[in-house]
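Here is the input, now give the coordinates:
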Amino acid sequence: MPREIDEALMDHPAVMQAVAFAVPHPALGEDVAAAVVLRDSVSMAAQDLRRFLIERLVAFKVPSQVVIVDEIPKGPTGKVQRVGLAQLLAPKLRPEYVAPRNPVEVALARIWTELLQVDRVGVHENFFELGGHSLLGTRVTSRIRQIYGKELPLHVLFEGPTIAEMAMRLQEIPEGAEGTGFPQLRHVTREGKLPLSLAQEGLWVLDQMEPGLSTFNVAIACGVTGNLDIEILRAALTEIVRRHEILRTTFPSFHGQPVQVISTECHVALPIEDLRGLPKSERDAHARRLAANEARQPFNLATGPVLRFRVLHVDESDHILLITMHHIISDGWSRGLFMRELLTTYEAFSAHRPSPLPECPIQYVDYAVWERQNLRDAAMDAKLGYWKRRLAGPPPVIDLPTDHPRPPVQTFRGATHALKLSRAMTESLKTLSRREGVTLFMSLLAAFQTLLHRYTGLDDIIVAVPIANRGRVELESLLGLFANTLALRLDFARGPSFRDLLRRVKEMVLGAYANQEVPFVKLVRELQLERDPSRSPLVQVMFAFQNYPELSLELPGLRFTPEPIHTETARLDLTLSLHDNKAALEGEIEYNADLFEANTIARMYLHFETLLEGIVANPDCRVRDLPLFPLG
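Residues are numbered from 1 along each chain as shown. So this is what the prediction gives:
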């Protein structure tokens, strides 16, 4: 690889000599830099040379630093030696903070420091090495759109992950250039029949087909330790319900079509169940049963309400707050946002202050109307065209080996298998991802699709991936169902190595993110797939990587601890969910219990773990030859 970098640099007319060499890296252990001698009377910035390489080399081969020198140091024999160059050029390689130098860089630095939660950012620091990922990258581009009215695709951040490079690309876009083509979100009148969003309508139709299901309940259980004031808690919950119309919305039918009806009533029922009369040895188990039962109670979408609260009083200073909402008004982002608003409001009310949260300039129903308008726009047609091309032809059916015959009608009886990767494996995967110029999510998705490829023998694998779909700043502070599902189709033809596969996955993911606004429900309709009642349309398997904004659950005198709720439901055949808790990757496999036995899923996870070990040990191995069975 070093010689390939040398040759690429020598293709630049300003370069007289170039040599790539290894440099220490605090996270990767080792990285690549390049030293360049320019021709006489030529002026050239190092970042321009790096950008030149970005256009000619795959991302993982682009050196992290390019330094311009008068001459390249030579070893004792007079020959250039790659080994030791890092030490000889240490003064030039020493990372220096370079402050923003113009208004665009200043604005970008302000965005980065806010989203990355760092004190300052130099213009040559790498977004991903600072903790950035695709979701944060999407939020960066949405803020650029809001400030400059320009559309900067996410792939630009991957190609040039520094403020200097991003500012240069941004300034190249002419004023008035065409962006997404979508109009601004605006407050709409609440008169007349208010439509549902496409995602809401899909859930409403499922509820009409099988009323009384709790499959789409969103349940939160939060242990509260300390001196909890129930009346302040009730007031804080009431304030959140007042702030967000979606929490006061019901979904009746009008001439066979669903509509949103927003109530002005903000009353919050907060029943309390006292468990202190039970023996201490029985309280925890009883509380878990109550939490699971609460999560399984269905909602009536037409009459509402479609959320409820309950408090379990377990001990003198221990409570469990149960929050249950129908998915039609909530998603994963909304859960974190709800808890953040609850803690903020509770803290203010405890100090006899008003809520510090600003009023919402728009509400969910404004988004639903906006989405319906966009569905008729040329910009949306272009995005829909992307998905039709990606998913052309009969979609593959992921038929995993099951323990029981598939029922003729899809069931939702589920179970989960908890998992946790070692810290060493987590760090190895992060290191591999950085070296290959991909995110951790992309590496894990590629590994999971490889597992499915090996299990089924299919060269064509489609996996569902949930996405926050909040690519506009106005949506980041709203509760509601914004999450979308992307159907990511990966081709294993021609026996790729895992490194080759990562490049395919990166291209696939960036393309999907650029077209994420197409509702999954609309896509399924447009594809006109033949309905099979025994399985979900288009996708049967999902991969979810959670990287929503982190939440501090501490208040003076109170500690909030999220607790798992086992609802024993599964929306698909199989879902692998992972999140990075900074120490290690952990999560669970949710599976359809009418198809799989627990020991089969445990064995599948063992295969996945072994596969990951093989990937980090030898990413150049062909995926068909990667190990599935541990040695010994």
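
Quick check: phi and psi at Pro271.
Backbone torsions of Pro271, given as degrees, to the nearest 10, read phi -60, psi 150.

what's the distance between Asn300 and Ser197?
When CB to CB, to the nearest Å is applied, the distance between Asn300 and Ser197 equals 20 Å. The way it works is simple: take the backbone N, C-alpha and C, and place the C-beta from them, glycine included.

which stretches of this structure aren't confidently modelled?
Counting by pLDDT under 70, the ranges of the chain that qualify are 1, 25-30, 58-60, 75-78, 91-96, 175-182, 548-552, 631-632.

Try it again at 50.
Counting by pLDDT under 50, the chain contains no low-confidence segment.

domains of it?
Here the domain parsing of the chain from automatic domain parsing is 2-93, 103-172, 198-350, 377-552+565-625.

Help me confirm that Ala269 is found in a helix?
No: for Ala269, which was evaluated using DSSP: H, G, I helix; E, B strand; the rest coil, the result is coil, with no helix membership.

And it, how far from Val306?
Ala269 sits at a distance of 13 Å from Val306 (criterion: CB to CB).

These two: who's more crowded?
When Ala269 and Val306 are compared for neighbours, Val306 comes out ahead with 23 against 10, by other CB atoms under 10 Å.

Quick check: closest non-adjacent residue to the more buried one.
His326 (4.3 Å; CB to CB, 6 or more residues apart in numbering).

got a list of what that neighbour touches?
His326 makes contacts with Leu203, Phe216, Asn217, Val218, Phe299, Leu301, Val306, Leu307, as judged by CB atoms under 8 Å, 6 or more residues apart in numbering.

how deep is the fifth one tucked in, by neighbour count?
For Phe299, the tally of surrounding residues (other CB under 10 Å) stands at 26.

quick one, what contacts it?
Asn217, Pro305, Val306, His326.

again, 6 Å this time
Shown in contact with Phe299 (CB atoms under 6 Å, 6 or more residues apart in numbering): Val306, His326.

and stretch 301-314, how far apart are its ends?
With CA to CA, to the nearest Å applied, stretch 301-314 spans 31 Å between its terminal residues.

now swap in stretch 68-84 and tell me
Across its full length, stretch 68-84 reaches 17 Å between end residues, using CA to CA.

got the buried residues for that stretch?
By neighbour count on 16 or more other CB atoms under 10 Å, the buried set for stretch 68-84 is Ile68, Ile72.

Now do the helices in the stretch 201-350 of the chain.
Secondary structure of the stretch 201-350 of the chain (DSSP state H, counting those that start in this stretch): helices located at 230-243, 280-296, 332-350.

rewinding a little: now do the residue nearest to Val306 against Thr411, distance only.
With distances taken as CB to CB, His326 is found 20 Å from Thr411.

before we move on, what about Asp625?
Computed with CB to CB, the distance linking Asp625 and Thr411 is 37 Å.

Who has more neighbours out of the two?
More crowded of Asp625 and Thr411, by other CB under 10 Å: Thr411, with 16 against 11.

Correct me if wrong: the more buried one contacts Asp594.
Yes: contact status for Thr411 versus Asp594: in contact at 4.7 Å, counting by CB atoms under 6 Å.

On the three-state scheme, Ala18 is what?
Using three-state DSSP, the structure places Ala18 in strand.

bridging residues for it?
Counting by DSSP bridges, Ala18 forms beta bridges with Val36.

and it, what does it touch?
Ala18 makes contact with Asp6, Leu9, Met10, Val36 under the criterion CB under 6 Å, 6+ apart.

any idea which of these is the one closest to Phe128?
Of all the contacts of Ala18, the one sitting nearest Phe128 is Leu9; the distance, using CB to CB, is 23.1 Å.

Could you find the closest non-adjacent residue to the closest one?
The nearest residue in space to Leu9 (CB to CB, 6+ apart) is Ala18, at 3.6 Å.

do His404 as well
Nearest to His404 is Leu595, by CB to CB, 6+ apart, at 5.9 Å.

again, but for Leu196
Leaving aside its chain neighbours, Leu196 sits nearest to Pro258 (5.2 Å; criterion: CB to CB, 6+ apart).

Name whatever forms a beta bridge with the one you found.
For Pro258, the beta-bridge partners are Ser253 (DSSP bridges).

who's in contact with it?
Leu196, Trp204, Phe251.

Dump these to a markdown table, plus distance to Gln47 and neighbour count.
Written out in a markdown table, the entries for the contacts of Pro258 read as follows (distance: CB to CB, whole Å; neighbours: other CB atoms under 10 Å):
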| residue | distance to Gln47 | neighbour count |
| --- | --- | --- |
| Leu196 | 48 | 24 |
| Trp204 | 52 | 19 |
| Phe251 | 53 | 24 |
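
and those residues as JSON lines, adding distance to Met542?
Listed next are the contacts of Pro258 as JSON lines, based on distance: CB to CB, whole Å:
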{"residue": "Leu196", "distance to Met542": "23"}
{"residue": "Trp204", "distance to Met542": "21"}
{"residue": "Phe251", "distance to Met542": "25"}
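
Can you list which of those residues are found in strands?
Filtering the contacts of Pro258 for membership in strands, criterion DSSP state E, returns an empty set.

Could you double-check that Val36 sits in contact with Asp70?
No: counting by CB under 6 Å, Val36 does not reach Asp70; the two are 10.7 Å apart.

Can you say which of the domains of the chain is nearest to Val369?
When the domains of the chain are ranked by proximity to Val369, the top entry is domain 198-350, at 9.7 Å, counting by CB to CB.

What is the distance between that closest one and the centre of its chain?
If you compare the mean C-alpha spot of domain 198-350 with that of the full chain, they lie 24 Å apart, counting by CA atoms, centre = their mean, to the nearest Å.

What of stretch 494-507?
With CA atoms, centre = their mean as the basis, stretch 494-507 stands 21 Å off its chain's centre.

contacts for that stretch?
Outside of stretch 494-507, the residues that reach it under the criterion CB under 6 Å, 6+ apart are Glu436, Val438, Met442, Leu445, Ala446, Ile615, Pro619, Asp620, Arg622, Val623, Arg624.

Flag every buried residue along that stretch.
In terms of neighbour count (16+ other CB under 10 Å), stretch 494-507 has its buried residues at Pro496, Ser497, Phe498, Arg499, Leu501, Leu502, Arg503, Val505, Lys506.

Could you list which of these belong to strands?
Of the positions in the buried residues of stretch 494-507, not one sits in strands, assigned by DSSP E.

now the helix or strand hosting Arg145, how far from the centre of its chain.
Arg145 is part of helix 134-148, with elements assigned from DSSP states H and E. A distance of 14 Å separates the C-alpha centroid of helix 134-148 from that of its chain, computed with CA atoms, centre = their mean.

mind listing what's buried in that helix?
Residues of helix 134-148 classed as buried by neighbour count (16+ other CB under 10 Å): 134-145, 148.

Out of these, which comes closest to Val397?
Minimum separation from Val397 among the buried residues of helix 134-148 (CB to CB) is found for Ser134, which lies at 28.0 Å.

measure the closest one to Pro519 for me?
Taking CB to CB as the measure, Ser134 falls 20 Å from Pro519.

and if you look at Ile232?
In this structure, Ile232 lies at 39 Å from Pro519, with CB to CB as the measure.

same thing with His124?
Note on His124: its distance to Pro519, by CB to CB, is 39 Å.

Settle it for me: which of those two has more neighbours?
The residue with the greater number of neighbours, taking His124 and Pro519 and applying other CB under 10 Å, is Pro519; the counts read 22 against 18.

With that, I have no additional questions.
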